[in-house]
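# coords please:
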Amino acid sequence: PPGRRVTFAADSRLIHADRAAAVVIKDAGDDPDVTHGARPTAPALRRDEPGIEPDGGIGAGVVTKPGLGPEPGGAVVDPVPHKMIEQAVGESVDLKMRGVRVVISVPDGEKTARRTTNERLGVLGGISILGTTGIVRPFSTASWRASVERAVAVMAAQGERTLVLCAGGRTGEGAMRLLPQLPGVCFVEAGDCTGAALRRAVEHGVTQVVFVGMAGKLARLASGVLMSHYTRSKADTELLAEITRVMGGSDELAARVAEAGTARHAYELWEGEGLLGRAGRELC
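Down below sits the predicted model:
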């Protein structure tokens with residue numbers, strides 16, 4: 001009842017006999033996270049059965065495909081966040097004796113989700129409540145790798161056996177134009193985590209992997225470098241020079257390719273000499 005409600009302005013909580021609510025502001029730090037500044041809201045409501053029941057409200061995504069972990073039809077609340085919620089509520093409530101339903105809502109979550117790959121993975125209506133530690137690490141390779149591995153698992157759970165790894169957004173669009181017969185779930189933006197994606201594909205019995213990328217990524221992969229971020233490795237222009245020679249390019253062109261500062265420059269040299277088709281196919 002309104003007369004029994006107390007407002008704690010300092011920590012944004014509203015509490016009365018049967019309900020409490022908490023709000024936090026997501027701070028992603030330096031991480032390029034579209035949920036930076038989001039305000040997840042968690043009302044906790046008493047329920048008759050003992051134990052915790054996490055659920056999703058407005059702005060929290062709903063699972064529509066297998067492979068994500070949570071069963072289709074429910075909110076996307078990962079096991080680790082589930083455990084964290086249970087631990088936090090358990091500090092105030094004896095969950096063996098009492099029951100609590102926690103509804104995670106994210107204002108503007110549905111709008112934010114349009115900037116993610118959620119819909120392709122079968123998460124509709126909002127963002128996912130994911131995570132492994134609750135700690136954001138700036139430009140976290142681990143978080144990107146986890147999202148790539150999850151995307152591969154979702155694809156495999158649909159029974160698809162062709163995985164298309166894309167280096168980024170532009171190559172993803174190009175890949176979809178090249179392979180229009182494949183459903184969207186087959187296209188995974190792997191970034192620099194190609195090795196992790198391939199290992200997960202093997203675990204799930206994927207039978208075909210197509211990689212779509214630009215010259216720099218392809219050159220690193222051709223050299224056996226699976227963590228292909230430009231700060232971790234350099235495109236092997238000697239390899240590109242050897243391809244030039246094998247595909248019929250002159251020694252002079254091969255020397256220019258070997259001295260190229262980037263794979264993009266080598267690509268342009270091939271194009272200028274009419275060698276791009278043959279050399280590009282060999283690189284792939």
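# all contacts plus neighbour counts: C-alpha atoms, from now on.
Noted.
# Quick check, pLDDT for Glu189.
Note on Glu189: pLDDT of 88.
# Ala21 and Arg46 touch, don't they?
No - Ala21 lies out of contact with Arg46 (C-alpha atoms under 8 Å); the separation is 11.9 Å.
# which residues of the stretch 101-250 of the chain score low on pLDDT?
The model of the stretch 101-250 of the chain has pLDDT under 70 over residues 131-140, 226-235.
# and with 90 instead?
Scanning the stretch 101-250 of the chain for pLDDT under 90 picks out the ranges 102-148, 150, 154, 158, 167-173, 189-196, 213-238.
# Which parts of it are strands?
Remark: strands assigned in the stretch 101-250 of the chain by DSSP state E, counting those that start in this stretch are 123-124, 126-127, 162-166, 187-189, 208-212.
# which of the ones you listed sits most buried?
Comparing the strands of the stretch 101-250 of the chain on average neighbours per residue, with mean count of other C-alpha atoms under 10 Å, the densest one is strand 126-127 at a mean of 30.
# what's that strand in contact with?
With contacts defined as C-alpha atoms under 8 Å, 6 or more residues apart in numbering, strand 126-127 is touched by Ile58, Gly59, Ala60, Gly61, Val62, Val106, Gly109, Glu110, Lys111, Thr112, Ala113, Asn118.
# Give me the subset of those lying in helices.
Here DSSP state H is the test, and those give Gly109, Glu110, Lys111, Thr112, Ala113, Asn118 as lying in helices.
# Which of the residues you listed are buried? Put it as a ChimeraX command.
A single ChimeraX command selects the buried members of the ones in helices among the contacts of strand 126-127 (16 or more other C-alpha atoms under 10 Å):
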select :109,110,112,113,118
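# Out of the ones in helices among the contacts of strand 126-127, the closest to Ala28 would be?
Nearest to Ala28 among the ones in helices among the contacts of strand 126-127, counting by C-alpha to C-alpha, is Thr112 at 14.3 Å.
# right, and that closest one touches Val34 too?
Yes - between Thr112 and Val34 there is a contact under C-alpha under 8 Å: 6.8 Å.
# Just send the strands of the stretch 101-250 of the chain back as TSV, with distance to Met155 too.
Converted to TSV, those look like this (distance: least, C-alpha to C-alpha, whole Å):
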stretch	distance to Met155
strand 123-124	13
strand 126-127	19
strand 162-166	8
strand 187-189	9
strand 208-212	12
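# Of the ones you listed, which is nearest Asp251?
strand 208-212 (29.0 Å).
# who's in contact with the closest one?
Strand 208-212 has contacts (C-alpha under 8 Å, 6+ apart) with Arg161, Thr162, Leu163, Val164, Leu165, Cys166, Ala167, Thr171, Gly172, Ala175, Leu198.
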